[in-house]
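Undergrad: predicted model and sequence below, questions to follow.
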Protein chains: 2
Amino acid sequence: MALIVHKYGGTSMGSTERIRNVALRVAKWHRAGHRMVVVPSAMSGETNRLLGLAKELQPSSMTPESLRELDALAATGEQVSVGLLALALQAQGLQAVSYAGWQVAIETDSAYSKARIMRIDDARVRADLDAGKVVIITGFQGIDGTGNVTTLGRGGSDTSAVAVAAALKADECLIYTDVDGVYTTDPRIVPEARRLATVSFEEMLEMASMGSKVLQIRSVEFAGKYRVPLRVLSSFTPWDIPIDEESRSGTLITFEEDEKMEQAVVSGIAFNRDEAKVSVIGVPDKPGIAYQILGPVADANIDVDVIIQNVSHDGRTDFSFTVNRNDYARTLELLRTRVVPTLGANEVLGDTRICKVSIVGIGMRSHVGVASKMFRTLSEEGINIQMISTSEIKTSVVIDEKYMELAVRALHRAFDLDQPVA
Amino acid sequence: MALIVHKYGGTSMGSTERIRNVALRVAKWHRAGHRMVVVPSAMSGETNRLLGLAKELQPSSMTPESLRELDALAATGEQVSVGLLALALQAQGLQAVSYAGWQVAIETDSAYSKARIMRIDDARVRADLDAGKVVIITGFQGIDGTGNVTTLGRGGSDTSAVAVAAALKADECLIYTDVDGVYTTDPRIVPEARRLATVSFEEMLEMASMGSKVLQIRSVEFAGKYRVPLRVLSSFTPWDIPIDEESRSGTLITFEEDEKMEQAVVSGIAFNRDEAKVSVIGVPDKPGIAYQILGPVADANIDVDVIIQNVSHDGRTDFSFTVNRNDYARTLELLRTRVVPTLGANEVLGDTRICKVSIVGIGMRSHVGVASKMFRTLSEEGINIQMISTSEIKTSVVIDEKYMELAVRALHRAFDLDQPVA
């Protein structure tokens, strides 16, 4: 009798008929003797509907006060989902109880729209599970230290599910989604992309952060930190397939490197079109410039991804980084008004028409020449590389966004990802 | 600088455009120097939409566990409203903050779907008002002693507003609605119906309970108990009419009898089509039968309205009462399975095709012959009276529902309610 956490995405919860299917699937697991916790997202379209209403009323830029209201508003989407799913389970004859984030409580910091989970009180949930109930918990949201509703950002329900699984020391966390696992790359770009039966936690982390939108990156971090066994699988299989078949489907995120994984040098190609490039040109090359540039950016709660500082020339250097496109205008404004004047830099340049393409593979650790093979492949396709960033298990390049599909296809082929694993 | 509570109904909150109008109106009051608390309902149609989704998933009768989920689900409608209104006020340059019932907290008992407010913690609201903020609080909902979301029943936002006004000792509670005040009867039935400039608390109580759906009855009880000055007025006047004109519009519910009220014997005609009649026939006439019949009904959380016990005949009597039509089937089932067998009654009869018509007036206390004039008027129209119930300031009759409009019109004329007040 295992303790299992199921997470269902918005598409899986998109109508009462689909919610009924989720209930039938959960009931199947419960009747097989498992202790079940379910974390659903809002019904698809609901969060956008709510934020659309908000935008009609408050079109200008958001103050912290507005962000607080927006979070409370957006959080209602999941509160509807959990209530409906509880009713659907009760209609199946099960005992089911739903909780909003504040009821559990899932405690977060106060960074509205991108809050982080600090602590989960599992007492109430455990008592319900002991009483034989299915417990349903809202994804995406929590409560801060002063009783305000917070949300975790897009895809935050994944993180909620993994955090709940970690708090309860669940045996497995199953993320049901509209794809049937993690692929070598996006099959919409490369039709030959293959599903991976397993992927290492580190690879998944790089893929998630690189834009393979199967899982929110923070959910993978959480899973890694607390060693939560995590499986990504499809919610569109018939609800009544045998449990042992279902529990082997999809992609398992593993924590130990096994033989097989050593063989694949590159496991997948990730890409991200949501970033923009910002460069501060002619920065006096002296200690502390990185902090002087990125400190104000971090203070404004803007996430920075790739960071590159070129070698200096004549005592001046160029400093570049990428941010989410939504933060681009704000970042430029910030740098021009508050950073360039005090720093004595020449100017700030930026470009939103970029994309980032990465090769990811735990095997890269022990194989040389992987990055240079990537650069050669792009060169053969005539693709100019604007920025390069590397880590132990990935190499990322920033290129003109118009070459994205070409680059992904060429790399997928060059690293033999379209070939079946031996 | 007064402390004012505004309550806006679902129609007034029915679109982003209307919410913006509410914000403009509230901002006008705030800028005039008043401390403002606003209690909005869910956007019109939203509660029904949510309950409709629930019904698709849980079509059978509701368990206490299902009612808990239904309340949490329905409460999201108001949570959306408060967030949107806060954003709209912030867009006007005001400081505004919204709270769900659990955040205030508005503490209730645990009677899901018809919870009663026990206590309101006003500390957080007072601090916000002191800081110059407009405070927006969800209507319709609260939190019980163990942290579950509860709702107060249809129209519960009125009660929320009055309860908040009472807790804060507000100078006035203004209920903005889609009618411009309290009328001598429903103008849709009697076109000559007149708006009352003032109505006494006791009359309003009788009218609310009799089906004049301007205010939820519990809001009037609350207003009476805590002496909250209450005004019903239209939310469809232009938002920018002068405040002194707006604050004299609508109908004021008063607590002192003034000269004028003494003059009107009957202030209004109320009616209610939502009830059903239940009769237990051939009950042995002995002490305790009322309790034996109505005890189980009350335990099942069914509200009883008119109660009539006829004089006994041959040691047996008939016992009749009315309940809401939604509770009719459940009441009949309950009486037949659990009451009649132990009581030794003959049978249970019922009828849903009834209505209740009442004349209400504080002047009835000191005028004789008012009830008999009512009976004569109905008799002249050939309307048979099935049940009669009286109180100090009202006389109600239960008649066949097909005569309702005829009865209301005849009584409105007979008591000169279509004549302007001298």
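TA: Yep, it's here.
Undergrad: against A:Thr322, how distant is A:Ile293?
TA: 13 Å (Cβ to Cβ, to the nearest Å). To be clear about C-beta, it is placed using only N, CA and C from the backbone, and glycine gets the same treatment.
Undergrad: count the neighbours of A:Ala298 for me.
TA: Neighbours of A:Ala298 under the rule other Cβ atoms under 10 Å in any protein chain shown: 11.
Undergrad: what sits closest to it if chain neighbours are left out?
TA: Excluding its sequence neighbours, the residue lying closest to A:Ala298 (Cβ to Cβ, 6 or more residues apart in numbering or on different chains) is A:Val304, at 7.4 Å.
Undergrad: how close does A:Asp314 get to A:Val348?
TA: 19 Å.
Undergrad: which of these two has more neighbours?
TA: Using other Cβ under 10 Å, the more surrounded residue of A:Asp314 and A:Val348 is A:Val348, with 19 against 7.
Undergrad: need the longest helix for chain A.
TA: Counting residues, the longest helix found in chain A (DSSP state H) is helix A:64-91.
Undergrad: got a list of what the most centrally placed residue in chain A touches?
TA: Centroid-nearest residue in chain A: A:Gln216, 1.6 Å away (criterion: Cα atoms, centre = their mean). A:Gln216 sits next to A:Leu152, A:Gly153, A:Arg154, A:Gly155, A:Gly156, A:Ser157, A:Asp158, A:Thr159, A:Ala208 when contact means Cβ atoms under 8 Å, 6 or more residues apart in numbering or on different chains.
Undergrad: please see if the longest helix of chain A touches chain B.
TA: Yes. Helix A:64-91 is in contact with chain B by Cβ under 8 Å from any Cβ of the partner chain, via A:65-66, A:68-70, A:72-73, A:75-76, A:79-80, A:82-84, A:86-88, A:90-91.
Undergrad: would you list the buried entries among those residues?
TA: A:65-66, A:68-70, A:72-73, A:75-76, A:79-80, A:82-84, A:86-88, A:90-91 (16 or more other Cβ atoms under 10 Å in any protein chain shown).
Undergrad: first-to-last residue distance for stretch A:331-349?
TA: 11 Å (Cα to Cα, to the nearest Å).
Undergrad: which parts of it are buried?
TA: A:Thr331, A:Leu332, A:Leu334, A:Leu335, A:Val339, A:Val340, A:Leu343, A:Ala345, A:Val348.
Undergrad: contacting residues around it?
TA: A:276, A:278-284, A:289, A:292-293, A:296-297, A:300, A:302, A:316, A:323, A:350.
Undergrad: of the residues you listed, grab the buried ones for ChimeraX.
TA: Entered in ChimeraX, the line below selects the buried ones among these, by 16+ other Cβ under 10 Å:
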select /A:276,278,279,280,282,283,289,292,293,296,297,302,323,350
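Undergrad: just the ones of the contacts of stretch A:331-349 in helices?
TA: Reading helices off the contacts of stretch A:331-349 with DSSP H, I get A:Ile289, A:Gln292, A:Ile293, A:Pro296, A:Val297.
Undergrad: grab the nearest non-local neighbour of the second one.
TA: So that's A:Gln292. Closest to A:Gln292 by Cβ to Cβ, 6+ apart is A:Leu343, at 5.7 Å.
Undergrad: and the gap between the one you found and A:Ser312?
TA: From A:Leu343 over to A:Ser312 (counting by Cβ to Cβ), the distance is 14 Å.
Undergrad: ok, A:Ala414 next?
TA: The value you get for A:Ala414 to A:Ser312, if Cβ to Cβ is used, is 34 Å.
Undergrad: ok, those two, which is more surrounded?
TA: Neighbours around A:Ala414 and A:Ser312, counted as other Cβ under 10 Å, are more numerous at A:Ala414. The numbers are 18 against 13.
Undergrad: if we look at the helix or strand encompassing A:Phe271, which residues are touching it?
TA: Element membership of A:Phe271, judged by DSSP states H and E, is strand A:268-272. Strand A:268-272 has contacts (Cβ under 8 Å, 6+ apart) with A:182-186, A:189-190, A:196, A:199, A:203, A:206-207, A:210-212, A:355-361, A:394, A:404, A:407-408, A:411-412, A:415, A:417.
Undergrad: now do the same contact list for A:Asp144.
TA: A:Glu107, A:Thr108, A:Asp109, A:Ser110, A:Ala115, A:Thr150.
Undergrad: wait, which of these is closest to chain B?
TA: A:Thr150 (12.7 Å; Cβ to the nearest Cβ).
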